[in-house]
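[1] Quick check, what structure comes out for this input:
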Amino acid sequence: MHRRAAAAEETRRRIVDATRQLHTTLGIAATRYDDIAERAGVGVGTVYRHFPSLDELIPACGRIVMETVALPDARAARALFADVSAPQARIERLVREAFAIYDRGAEELSAIRREPDAHPTVAQAAAELEASLAALVDSALEPLAVTDADRRVVRAMVDLGTWQALRDQGISSAEAVDTVHGMLAARTAGR
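    Predicted coordinates for the structure are as follows:
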């Protein structure tokens with residue numbers, strides 16, 4: 001009995017992993033059960049047996065994605081900056097933390113952003129991403145006297161699109177952090 005349960009769990013994991021991969025390449029709405037079965041190496045009936053509907057499959061994928069990217073909530077975001085008082089150190093930590101999120105799940109976060117209307121749990125994940133990024137920015141900038149324009153620039157510079165553009169140009173994660181930190185440090189210097 002234990003062996004059968006373990007095999008079923010392994011099949012379920014393969015289905016979820018295949019679905020997550022397809023969501024990043026085909027899109028969430030365009031991914032079909034036939035595609036999932038082929039990628040997972042199982043029959044379509046097996047996919048349906050484990051996940052009779054998208055209302056079960058998409059949330060299963062979403063749970064793994066959100067566990068992987070580990071978005072900080074507002075309280076955790078504030079705690080990340082509790083021991084940092086120097087303005088430029090706060091900016092560096094902000095960039096490092098935001099870019100670490102993307103290092104953990106950029107492809108899946110991009111799919112979530114592209115298709116928030118694909119399923120209510122995708123919309124919820126998109127909202128959680130935006131709330132987390134806002135909390136990070138707000139926590140980092142809280143003690144700094146920055147303008148609203150500065151705040152918007154900081155938010156744009158720690159966005160997934162900025163990270164992706166830098167990575168597309170062959171810039172490593174560490175270089176991306178240094179580059180964006182340097183730009184933001186220059187903009188917010190003396191504030």
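
[2] Flag the shaky bits of the chain, pLDDT-wise.
    1, 190-191 (pLDDT under 70).

[3] how close does R12 sit to V42?
    Using CB to CB, to the nearest Å, we find R12 at a distance of 10 Å from V42. Heads up, the C-betas are built off the backbone N, CA and C, glycines and all.

[4] Which parts of the protein belong to which domain?
    2-52, 69-188 (automatic domain parsing).

[5] among those, which is nearest C61?
    Closest approach to C61 among those (CB to CB): domain 2-52, 5.0 Å.

[6] Ends of that closest one, what's the gap?
    Start-to-end span of domain 2-52 (CA to CA, to the nearest Å) is 23 Å.

[7] contacting residues for the residue most central in space within the chain?
    Nearest residue to the geometric centre of the chain (CA atoms, centre = their mean): L109, 4.1 Å. Residues in contact with L109 (CB atoms under 8 Å, 6 or more residues apart in numbering) are 65, 69, 101-102, 129, 160.

[8] do R114 as well
    R114 sits next to 27-28 when contact means CB under 8 Å, 6+ apart.

[9] how about 10 Å then?
    23-24, 27-29, 122, 126 (CB atoms under 10 Å, 6 or more residues apart in numbering).

[10] Look up how far A145 lies from it.
    R114 sits 36 Å away from A145, going by CB to CB.

[11] now swap in A125 and tell me
    Counting by CB to CB, the gap from A125 to A145 is 34 Å.

[12] For the lengthiest helix in the chain, list every residue counted as buried.
    For the chain, the helix with the greatest residue count under DSSP state H is helix 87-114. For helix 87-114, burial by neighbour count (16 or more other CB atoms under 10 Å) applies to 87-88, 90-99, 101-102, 105-106, 108-114.

[13] and what of stretch 47-67?
    Buried, per 16+ other CB under 10 Å, within stretch 47-67: 47, 50-51, 54, 57-62, 64-66.

[14] Which secondary structure state does L136 sit in?
    Secondary structure, DSSP: H, G, I helix; E, B strand; the rest coil: L136 is helix.

[15] Now for the spatially closest residue to it that is not a sequence neighbour, how many residues are close by?
    Leaving aside its sequence neighbours, L136 sits nearest to A77 (CB to CB, 6 or more residues apart in numbering; 4.9 Å). A total of 22 residues lie near A77 under the criterion other CB atoms under 10 Å.
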